[in-house]
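[1] okay, predicted coordinates and the sequence, questions at the end:
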Amino acid sequence: MFIATLIASERLSAGDISEASDRLIRAGLRVERSHWIDEGIAADIAFNGDPLAARGALERSLAATDIVVQPAEGRRKQLLVADMDSTMITVECIDELADYAGIKPQIADVTERAMRGELDFADALDARVALLKGLDEGAIARCLEERVEIMPGAELLVRTMRGWGATTILVSGGFTRFAEPVADRIGFERVLANRLLIEDGVLTGKVEKPIVDSSTKQATLEAAIGHLDIDDHLSMAVGDGANDLAMIRRAGLGVAYHAKPIVAQAAGARIDHGDLSALLYAQGVPRSGWVAD
């Protein structure tokens, strides 16, 4: 049995659910039942058949609505591994930090190309950090206070999952000076990120090795699955850039969140319209079960 979850960023009607069910039937799938998770916002359709055919039939079929298709068994996850920049927060920290050095356009272009998978992540990170050499350390605290905003739904997602005992890990190709306070605010249990090297109160233009990259993210996910002794399908990974692809492909539910095309095409699920609370609906949790603090 599989579940197709419809999650509207605007409004979902009974007619939309009926239309989605008809699309599944026309794709050769057997619809068993449907029900509201939260009326007007999110609904589940249970079906038997090919989940890839279901995705093809439903994705982009309803305006401003995200579709998540997955096995019914194990949809409530016991492990969340998440990216930070442009996933759990609304910005790319290195781009915003570069603005304090007056070189944001130059660095942001490299960031965008790296996230699209056009550049090697580690090489691109070294090149961008080198351009920050000499920047006053105080710019980090200013950037954190003035520029870094938590992504809508992030705290709800993490705190609700922790409420039922799930393990939550923030693993970022960004920097510890941002990731640690962000993880603390959102409620992550563990955090892993890169460490900027600083001497005499200024950035040296270097980052501590080894770099946290795509392979690190995948290894972190796999190690957590092993440590928790859970089946792979009970894990979820969410990110937006090419350096998240390995963990997204490896997780039981790999989610591309407002992601670059290369990630959206490869992920098992994609959230293009809603915020991170959509991932609670994907796990079948209504608003009445969300934990705000």
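    Perfect, I can see it now.

[2] for this protein, just list every one of the strands.
    2-8, 30-38, 42-48, 65-71, 79-82, 167-175, 190-194, 196-199, 202-207, 235-239, 253-257, 269-271 (DSSP state E).

[3] who touches the fourth one?
    Outside strand 65-71, the residues within contact range by Cβ atoms under 8 Å, 6 or more residues apart in numbering are 1-9, 12, 16, 51, 54-55, 58-59, 61, 233, 253, 255, 268-274, 278, 281-282. Quick note: C-beta positions are derived from backbone N, CA and C, even for glycine.

[4] picking up where we left off before, out of the strands of the chain, which is closest to residue 94?
    strand 167-175 (6.6 Å; Cβ to Cβ).

[5] quick check: angle from the closest one to strand 190-194?
    20 degrees (axes from the mean of the first three to the mean of the last three Cα atoms, to 10 degrees).

[6] hmm, back to that, reformat the strands of the chain as a markdown table; add mean neighbour count.
    Below are the strands of the chain laid out as a markdown table (neighbours: other Cβ atoms under 10 Å):
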| stretch | mean neighbour count |
| --- | --- |
| strand 2-8 | 23 |
| strand 30-38 | 15 |
| strand 42-48 | 21 |
| strand 65-71 | 22 |
| strand 79-82 | 27 |
| strand 167-175 | 25 |
| strand 190-194 | 20 |
| strand 196-199 | 15 |
| strand 202-207 | 18 |
| strand 235-239 | 30 |
| strand 253-257 | 27 |
| strand 269-271 | 24 |
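
[7] among those strands, which comes closest to residue 99?
    strand 202-207 (14.2 Å).

[8] packing partners for the closest one?
    helix 121-130, strand 196-199 (3 or more Cβ pairs under 8 Å, 6 or more residues apart in numbering; DSSP states H and E).

[9] most neighbours per residue, which of the ones you listed?
    Among those, helix 121-130 has the highest mean neighbour count (mean count of other Cβ atoms under 10 Å), at a mean of 18.

[10] mind saving the C-alpha coords of that helix as CSV?
    What follows is helix 121-130, C-alpha atoms only, in CSV (Å, rounded to 0.1, in the frame of the first residue of the first chain):
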residue,chain,number,x,y,z
PHE,A,121,31.7,21.7,-3.7
ALA,A,122,35.0,21.6,-1.8
ASP,A,123,36.9,23.5,-4.4
ALA,A,124,34.2,26.1,-4.6
LEU,A,125,34.1,26.5,-0.8
ASP,A,126,37.9,27.0,-0.6
ALA,A,127,37.7,29.6,-3.4
ARG,A,128,34.9,31.5,-1.7
VAL,A,129,36.4,31.4,1.8
ALA,A,130,39.8,32.6,0.4
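
[11] how about residues contacting it?
    So helix 121-130 is in contact with 94, 98, 107, 110-111, 113-114, 173, 194, 196, 203, 205-207, 211, 213-214, 242-243, going by Cβ under 8 Å, 6+ apart.

[12] apply 6 Å and report the result again.
    By Cβ atoms under 6 Å, 6 or more residues apart in numbering, the list of residues contacting helix 121-130 from outside reads 94, 107, 110, 114, 205, 207, 211, 213, 243.

[13] and stretch 82-102, by the same measure?
    Residues outside stretch 82-102 that contact it (Cβ under 6 Å, 6+ apart) are 104, 107-108, 111, 128, 132, 135, 139, 143, 147-151, 154, 170, 172, 174, 178-179, 182, 238-240, 244, 257.

[14] can you give me the buried ones in it?
    Of the residues in stretch 82-102, 82-89, 91-101 count as buried by neighbour count, 16 or more other Cβ atoms under 10 Å.

[15] of the contacts of stretch 82-102, buried ones?
    104, 107-108, 111, 128, 132, 135, 139, 143, 147-148, 151, 154, 170, 172, 174, 178-179, 182, 238-240, 244, 257.

[16] tell me which of those fall in helices.
    Residues of these located in helices (DSSP state H): 104, 107-108, 111, 128, 139, 143, 154, 178-179, 182.

[17] with distance to residue 32 and pLDDT added, can I get those in TSV?
    Below are these laid out as TSV (distance: Cβ to Cβ, whole Å; pLDDT from 0 to 100):
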residue	distance to residue 32	pLDDT
104	52	95
107	51	94
108	48	94
111	45	93
128	50	95
139	56	97
143	51	97
154	33	98
178	45	98
179	43	98
182	41	98
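
[18] if we only consider the residues you listed, which is nearest to residue 264?
    So of those, ranked by how close each gets to residue 264 (Cβ to Cβ), first place is residue 111, at 17.8 Å.

[19] mind listing what that closest one touches?
    Contacts of residue 111 by Cβ under 6 Å, 6+ apart are 92, 95.
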